[in-house]
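> sequence? don't have it. structure:
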């Protein structure tokens, strides 16, 4: 269950949502001891302090960081022991016998539209709503995950050793061992305190090293002490921990919902606020509001700050000491806390960065940008490819188009066709290869048959499932997965590609026995502008740079021929994205994927050559055949890929 769902239950009880609700809480590890200590900063009249006042173990009004001691300007730093929260939650459950408990471990969640199947180690449950606080699976985009590992000792000295109103924050006066290591001192009386050693780094803090460092640190207090309790923990410092289920009936909480701040590990206040938001929305019945089911907005500039600092902690972890030391030296701690709450002003942030190690942050911003580009080529390759094609066409008309089509055809068989076969491979492990190929070819034959019976129906069907699939793939990649939004985005991008080339579209339609689209060029241009407007509004609303880059690539594509414009999106953005999803989900290597896809790629090449024999005199006629071939390949691919996406 953990802290996130414990706080959610407290908010639900406050809103009166547990009186008549039937539910079940899964917690496979009964928490009867204090395994964690949660800390947060707030003002005494804040709701979190009022609501959780009975759980607060201690609080401090003064802080020491480095050699600087200061008051928190009306703010206080609060401590909550996990056992107090767990006990309060168990008491809540006893008051509500309609909420059952189980020690089964949840293994999987499956959406059946009307209900959710919850699979455990002992069976399955059918429920209407799930609040999922399981630890997230992290797929790091760049480098290895940075971990915050810690060990804390609760000690009692024989004689007074502390000021119980003053805590010590991030004391770096310990060996760094090539990482970022520091100690917190949180006194609960003049003789008792939690002394916690923390490491930021790719390697976890070992119990042996922690024991040596804490013993040496405690020697500085010049007194005899006893150890009452020891707590250990590990937290991921990652911007890739956020995981949302595609169903709006499955709501992530805690670290799974991205409430663990990547660069500090602080989460308690974020989880409290998230729990309140969920409970209030439920009490107001806002679940019926279509906006409530949409994905969360991105983190904006604060996500960028975290990205830059995390890159330093990944590849230059020994820089952490100087960065954090200078931060707390140059700015009041209360203002730093406001910054960590992501409520500071841009002006304040500029002043802060001006006083920090500018060269280190510039190095991180530049190098991390290149590293990110290499890890996500589908974000920038379409733009560069389109710009090069346009530049070559400018100086040598036609050559850029011809060269571009040749390269896209090569990449189509290198990545495009293989990615369309590998998803089926991942979902057909229990089928023998001939049976799987027969099923694949059977679906393709049905698509071709539909085109033969009614070209209009074949085209409409192709556009509908392509819009769904393109939008689904992009929004999962951008971590904005939502069924309605997926179809909207897919419709917008296909509309931009096709309507910006309405003359070429109608020429191709004539070769496919499909009536010309009754859209004047001026109206088509206006519709394209409107679609770009909606697209950029979505990118702005969800704070998605990837979305904006995709729109820029589409804008460049309006200046290229239709085949090239569609090919740039399909091969260089969509296929590369799908390839990456398969590689990550199945834990495959690039070489292994090429080998697995080889039979399917060879078959596609043979079919392509057969199609090419139909009519080599007319590019348009050949293009119409190729479009039908592509639509036939796409439908089984979309079927298998959608099944794959339901599992991630």
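Good, I have the coordinates. In this text the structure is predicted, and so the values were computed from the model without any measurement.
> got the end-to-end distance for stretch 198-205?
One end of stretch 198-205 to the other measures 8 Å (C-alpha to C-alpha, to the nearest Å).
> just stretch 67-87 next, same as before
End-to-end span of stretch 67-87 (C-alpha to C-alpha): 39 Å.
> residues of it that come out buried?
72, 75-87 (16 or more other C-beta atoms under 10 Å). Placement of C-beta: from N, CA and C, glycine included.
> for stretch 526-536, same thing?
527, 528, 531, 532, 535.
> so what's the first one up against?
Residue 527 makes contact with 495, 499, 519 under the criterion C-beta atoms under 8 Å, 6 or more residues apart in numbering.
> now the fourth one
Residue 532 is in contact with 496, 551, 554, 555, counting by C-beta under 8 Å, 6+ apart.
> distance of it from residue 540?
12 Å (C-beta to C-beta, to the nearest Å).
> Tell me where the stretch 201-350 of the chain has helices.
207-219, 268-283, 300-315, 320-330, 333-340, 346-355 (DSSP state H, counting those that start in this stretch).
> Name the residues of the lengthiest helix in the chain that are buried.
Determined from DSSP state H, the single longest helix within the chain is helix 619-645. By 16+ other C-beta under 10 Å, the buried positions in helix 619-645 come out as 622-642, 644-645.
> Check stretch 121-138 too.
For stretch 121-138, by 16+ other C-beta under 10 Å, it's 125, 130, 131, 132, 133, 134, 136.
> likewise stretch 26-36?
For stretch 26-36, burial by neighbour count (16+ other C-beta under 10 Å) applies to 26, 27, 31, 34, 36.
> Just the buried residues of the contacts of residue 532.
For the contacts of residue 532, buried by 16+ other C-beta under 10 Å: 496, 551, 554, 555.
> Leaving out sequence neighbours, find the closest residue to the residue lying farthest from the centre of the chain.
Relative to the centre of the chain, and counting by C-alpha atoms, centre = their mean, the farthest-placed residue is residue 159 at 49.5 Å. Nearest non-adjacent residue to residue 159, counting by C-beta to C-beta, 6 or more residues apart in numbering: residue 223, 5.5 Å away.
> where does that neighbour land on pLDDT?
For residue 223, the model assigns a pLDDT of 92.
> what about it, neighbour count?
14 (other C-beta atoms under 10 Å).
> Distance check, it against residue 8.
For residue 223 relative to residue 8 (C-beta to C-beta), the value is 42 Å.
> Run the chain-centre distance for the helix or strand harbouring residue 434.
Using DSSP states H and E, residue 434 sits in helix 433-453. Helix 433-453 has its C-alpha centroid displaced from the chain centroid by 35 Å (C-alpha atoms, centre = their mean, to the nearest Å).
> From the contact counts, what lies against it?
helix 417-427, helix 455-477, helix 590-612, helix 619-645 (3 or more C-beta pairs under 8 Å, 6 or more residues apart in numbering; DSSP states H and E).
> So for residue 193, which of the ones you listed sits nearest?
Closest approach to residue 193 among the helices and strands packed on helix 433-453 (C-beta to C-beta): helix 455-477, 46.5 Å.
> on that earlier part again, which one of the contacts of residue 527 sits in the busiest neighbourhood?
Result: residue 499 is most packed of the contacts of residue 527 (other C-beta under 10 Å), 22 neighbours.
> how about the nearest residue to it, chain neighbours excluded?
residue 524 (4.4 Å).
> can I assume that neighbour is in contact with residue 505?
No: at 9.1 Å, residue 524 and residue 505 do not qualify as touching, with contact defined as C-beta atoms under 8 Å.
> which among the buried residues of stretch 26-36 gets closest to residue 300?
Among the buried residues of stretch 26-36, residue 36 lies closest to residue 300 (C-beta to C-beta), at 29.5 Å.
> Can you tell me how far that closest one is from residue 3?
When distance is defined by C-beta to C-beta, residue 36 is 8 Å away from residue 3.
> one step back: how about JSON lines for the contacts of residue 527, with secondary structure, pLDDT and distance to residue 181 added?
Below are the contacts of residue 527 laid out as JSON lines (DSSP: H, G, I helix; E, B strand; the rest coil; pLDDT from 0 to 100; distance: C-beta to C-beta, whole Å):
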{"residue": "495", "secondary structure": "helix", "pLDDT": "97", "distance to residue 181": "54"}
{"residue": "499", "secondary structure": "helix", "pLDDT": "96", "distance to residue 181": "58"}
{"residue": "519", "secondary structure": "coil", "pLDDT": "92", "distance to residue 181": "65"}
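> Let me know the closest of the residues you listed to residue 599.
Closest approach to residue 599 among the contacts of residue 527 (C-beta to C-beta): residue 495, at 35.9 Å.
> Tell me who's in contact with the closest residue to the closest one other than its chain neighbours.
Nearest non-adjacent residue to residue 495, counting by C-beta to C-beta, 6+ apart: residue 531, 5.1 Å away. Applying C-beta under 8 Å, 6+ apart to residue 531 gives the contacts 492, 495, 496, 499.
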